[in-house]
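Undergrad: my questions are about this predicted structure, shown below with the sequence.
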Amino acid sequence: MTGRAAGAGAWTFDDSWRAFAGLEGGLVLGALAEAAHRVAAGHARPGASVAVRTVQTHHLRPVDTGEAFTALAHPWRTGGTTSLHLTAEQGGETRVVGQALVGATPGPPDEHPARPLPDGPDEGEPLVLPVDFVPVSQHVEIRAVGPGRPLAGGSDPRLAAWVRVREAAVVPDPHVALGLLVDVLPPSLYATATAPAVMPTVELTLHLHGAPPAAGAWLRMEQWTDLVDGYGCVDEAVLHDEAGRVVARARQTRRMTRR
């Protein structure tokens, strides 16, 4: 089961939403983005709309599945630009901290220029990730495009795919759905590897271009490794909708665990 628990900002996800070490980090980011949007809207002037522009999270400890966590947003500053401090609390502990930037606008966000995309969802190859390794993958439909594939031993640490939430009614909030999608592809280094490795998210930053799309929409995600060293790696990603408009950009730090 998944969804809002008792009280605004409280969420529970069962073990089917687990990634490497706990609940998928993108879901936590999405819940914090929803909290930031809700709190900022409560401070906006009458008739004004608000849009989450940036959310950054640092994952101090995994959020456990099967237990409620609370997404909290505290405004440092409100107005045309609202800055909020974010925390995800579970079991009396702070598991995730972050910040959000929310912009107040007098109407709907401006449309961003579209560009032709090289393919569509129907041209993608269904990509099924091992559910026992990443259970959360069962909740997302992934259709790989381009040359890169996980664990193919290629030369370029880059993955591309069309992705969407399988059951939009299960994750109806668009911020949470977008957070799920932006974190669902394997690390881009998997395109150059032949065996999986545990690489949990320790930092995730999402820049939104306008309001997030409705849950269930197809998005084309391209993700590549920008930096790698002895600690971990940094992945960059860009997401477009089917019309070719940029929906979001993301930057994620992954830690390489040593057994």
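TA: Perfect, I can see it now.

Undergrad: which residues touch the closest residue to Ser49 other than its chain neighbours?
TA: Distances taken as C-beta to C-beta, 6 or more residues apart in numbering place Thr105 nearest to Ser49, at 5.5 Å, with adjacent residues excluded. Quick note: C-beta positions are derived from backbone N, CA and C, even for glycine. By C-beta atoms under 8 Å, 6 or more residues apart in numbering, the residues touching Thr105 are 48-51.

Undergrad: can you do 7 Å?
TA: 48-49, 51 (C-beta atoms under 7 Å, 6 or more residues apart in numbering).

Undergrad: who does the residue nearest to Pro113 when sequence neighbours are not counted bridge with?
TA: Leaving aside its chain neighbours, Pro113 sits nearest to Arg245 (7.4 Å; criterion: C-beta to C-beta, 6+ apart). As for beta bridges, Arg245 partners with Ala114 under DSSP bridges.

Undergrad: so how far is Val198 from Arg245?
TA: Noted for Arg245: a distance of 35 Å to Val198, by C-beta to C-beta, to the nearest Å.

Undergrad: least trustworthy helix or strand in the protein by mean pLDDT?
TA: strand 2-4 (a mean of 54; mean pLDDT, DSSP states H and E).

Undergrad: neighbouring strands for the helix or strand just after that strand, and are they parallel or not?
TA: Going down the chain from strand 2-4, the next helix or strand is strand 10-13, by DSSP states H and E. Paired neighbours of strand 10-13 in the sheet (DSSP bridges): strand 2-4 (antiparallel), strand 69-77 (antiparallel).

Undergrad: now the ones you listed as a markdown table including mean neighbour count?
TA: Below are the strands paired with strand 10-13 laid out as a markdown table (neighbours: other C-beta atoms under 10 Å):
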| stretch | mean neighbour count |
| --- | --- |
| strand 2-4 | 16 |
| strand 69-77 | 18 |
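
Undergrad: thinking again about what came up before, the residue nearest to Pro113 and Pro116 touch, don't they?
TA: No: using C-beta atoms under 7 Å, Arg245 makes no contact with Pro116, being 11.5 Å away.

Undergrad: looking at the two, which one has more neighbours?
TA: Between Arg245 and Pro116, Arg245 has the larger neighbour count (other C-beta atoms under 10 Å), namely 17 against 5.

Undergrad: how close does the more buried one sit to Thr12?
TA: From Arg245 to Thr12 the distance is 33 Å (C-beta to C-beta).

Undergrad: do Asp156 as well
TA: If you go by C-beta to C-beta, the gap between Asp156 and Thr12 works out to 39 Å.

Undergrad: with neighbour numbers in mind, choose between these two.
TA: Thr12 (17 against 13).

Undergrad: how about the helices of the stretch 1-150 of the chain, start to end?
TA: Counting by DSSP state H, counting those that start in this stretch, the stretch 1-150 of the chain has these helices, from start to end: 25-43.

Undergrad: pLDDT on stretch 151-169, on average?
TA: Averaged across stretch 151-169, the pLDDT comes to 95.

Undergrad: so where is the stretch 1-150 of the chain shaky, pLDDT-wise?
TA: Low-confidence segments of the stretch 1-150 of the chain, defined by pLDDT under 70: 1-8, 106-112.
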